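Engineer: Compute the structure for the input listed below.
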Amino acid sequence: MARSRAANRKMHPNVPRLAYTVDELCASANCSRSFYEKQKRQGGGAKETYFGRAIRITPADAAAWIATLRSK
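Structural biologist: All right, here's what the predicted structure looks like:
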């Protein structure tokens, strides 16, 4: 039987994060999803990678996007 995500995180707490969802990025950047979508429409969103229909953002791309927000 497969373990849950929570059980895996508890067993392996120090595994680095490879990618964020858009909602996780917004939570870490302390902004709303609508603000992120507005920035994306204006050409200023984070670089997104698609895995099928799933959108993921690498930590490096997330940090670069957050840095551009703070520099404005």
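Engineer: you'd agree Thr58 is up against Thr49?
Structural biologist: Yes - if you go by CB atoms under 8 Å, Thr58 and Thr49 touch, sitting 6.8 Å apart. Every residue, glycine included, has its C-beta placed from N, CA and C.
Engineer: Compare neighbour counts for these two and give me the winner.
Structural biologist: When Thr58 and Thr49 are compared for neighbours, Thr58 comes out ahead with 16 against 12, by other CB atoms under 10 Å.
Engineer: which residues does the more buried one contact?
Structural biologist: Taking CB atoms under 8 Å, 6 or more residues apart in numbering as the definition of contact, the neighbours of Thr58 are Leu18, Ala19, Tyr20, Lys47, Thr49.
Engineer: Which two among the residues you listed are spaced furthest apart?
Structural biologist: Between all members of the contacts of Thr58, the longest pairwise span (CB to CB) is found for Leu18 and Lys47 and amounts to 14.7 Å.
Engineer: Have a look at these two and say which one is more surrounded.
Structural biologist: Remark: of Leu18 and Lys47, Lys47 carries more neighbours, 11 against 8, as counted by other CB under 10 Å.
Engineer: ranges for the helices of the protein?
Structural biologist: Listed from the start of the chain, the chain has helices (DSSP state H) covering 5-11, 22-29, 33-41, 59-71.
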